[in-house]
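Novice: Provided below are the primary sequence and the corresponding predicted coordinates.
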Amino acid sequence: MSQGNLRASLSTLLQKLSELFSAQRAPAGYRPGVTLEHLRRNLALARFEMAGPATATAATEDGSLQLEIVERTESQLLMHMVMTEFVLRVPASREGTARLELHHGGAVRRSGIRCRQRDGHSDLAARLQAAVEQDPVLYQALMPLDFKRLRIDLQGRQWCVRLEHMGGSEVVNRMPAFRRYIPLIREQRTVLLATLSGLQRVLATL
């Protein structure tokens with residue numbers, strides 16, 4: 001295994017362990033739904049309804065885009081983060097299993113969009129990257145989008161997109177005690193919704 005692949009594998013393992021720890025025990029001071037309420041005001045969508053303590057459903061005015069939004073916590077030593085994950089489900093034109101990730105290329109400056117295959121049919125990563133690059137509206141939305149993670153899974157005949165933005169999140173510190181919400185600013189709201197709409201469009205025919 002190359003050094004780059006080893007680092008990627010270790011990063012994935014640490015991410016999974018963090019998610020497992022967070023799912024098993026909520027951090028002290030976590031207030032379910034508070035970050036989603038901040039996000040609701042930022043999004044200003046026609047419909048935004050709480051579906052559980054830390055889950056909401058949202059839709060655009062014309063109903064063309066329907067989302068689930070989930071709070072996810074990540075604990076550290078004397079603080080925790082509350083991130084919001086946008087979940088989009090799209091019927092697939094083919095049956096299969098795959099796990100893909102999209103990320104920006106370039107170490108310092110963004111130099112494009114890269115698709116990484118984590119599991120499943122080997123041709124899907126190349127097909128998805130080509131579809132993104134050939135859709136100018138989607139590509140131009142993805143490039144300035146400040147996302148932390150963008151995972152796309154194929155299970156059976158359904159795609160599931162999970163996008164975690166850097167905004168719409170909250171930092172909670174225990175010592176000294178403070179809370180800071182990182183807003184989803186207007187420009188990022190615009191490219192976020194354009195990205196999700198574009199992914200819905202290309203995945204339906206992939």
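Specialist: Nice, I can see it.
Novice: any idea which residue sits dead centre in the chain?
Specialist: Nearest to the geometric centre of the chain sits Leu163, at 1.2 Å (Cα atoms, centre = their mean).
Novice: The helix or strand harbouring it: what's the following helix or strand?
Specialist: Counting by DSSP states H and E, the element that carries Leu163 is strand 147-165. Moving toward the C-terminus from strand 147-165, the next helix or strand (DSSP H and E) is strand 169-174.
Novice: Go through that following strand and flag the buried ones.
Specialist: 169-170, 172 (16 or more other Cβ atoms under 10 Å). Yep, even glycine has a C-beta here, placed from its N, CA and C like the rest.
Novice: In whichever helix or strand comes after that strand, which residues are buried?
Specialist: Helices and strands here follow DSSP H and E; after strand 169-174, the next one along the chain is strand 177-182. Buried residues in strand 177-182, counted by 16+ other Cβ under 10 Å: 181-182.
Novice: Which elements pack onto strand 177-182?
Specialist: strand 169-174 (3 or more Cβ pairs under 8 Å, 6 or more residues apart in numbering; DSSP states H and E).
Novice: circling back: among the buried residues of strand 169-174, which has the minimum pLDDT value?
Specialist: Lowest pLDDT among the buried residues of strand 169-174: Val172, with 93.
Novice: What residues does it make contact with?
Specialist: Counting by Cβ atoms under 8 Å, 6 or more residues apart in numbering, Val172 touches 27, 29-30, 79-82, 178-179.
Novice: who's it bridged to?
Specialist: Val172 forms beta bridges with His80, Arg179, as assigned by DSSP bridges.
Novice: ok so, going back, can you tell me, leaving aside adjacent residues, what's nearest to the residue nearest to the centre of the chain?
Specialist: Phe86 (4.5 Å; Cβ to Cβ, 6 or more residues apart in numbering).
Novice: Which pLDDT value belongs to the closest residue to Arg151 other than its chain neighbours?
Specialist: Spatial nearest neighbour of Arg151, chain neighbours left out: Arg162 (4.7 Å); criterion: Cβ to Cβ, 6+ apart. Here the pLDDT value assigned to Arg162 is 98.
Novice: right, and Arg162 touches Met83 too?
Specialist: No: the pair Arg162 and Met83 fails to qualify as a contact (Cβ atoms under 8 Å) at a distance of 11.1 Å.
Novice: more neighbours, the two?
Specialist: Met83 (21 against 17; other Cβ atoms under 10 Å).
Novice: now this structure, which segments are flagged as low pLDDT?
Specialist: 1-24, 121 (pLDDT under 70).
Novice: Can you show me the helices along it?
Specialist: Ranges of helices in the chain, per DSSP state H, are 3-24, 34-43, 124-133, 136-142, 186-203.
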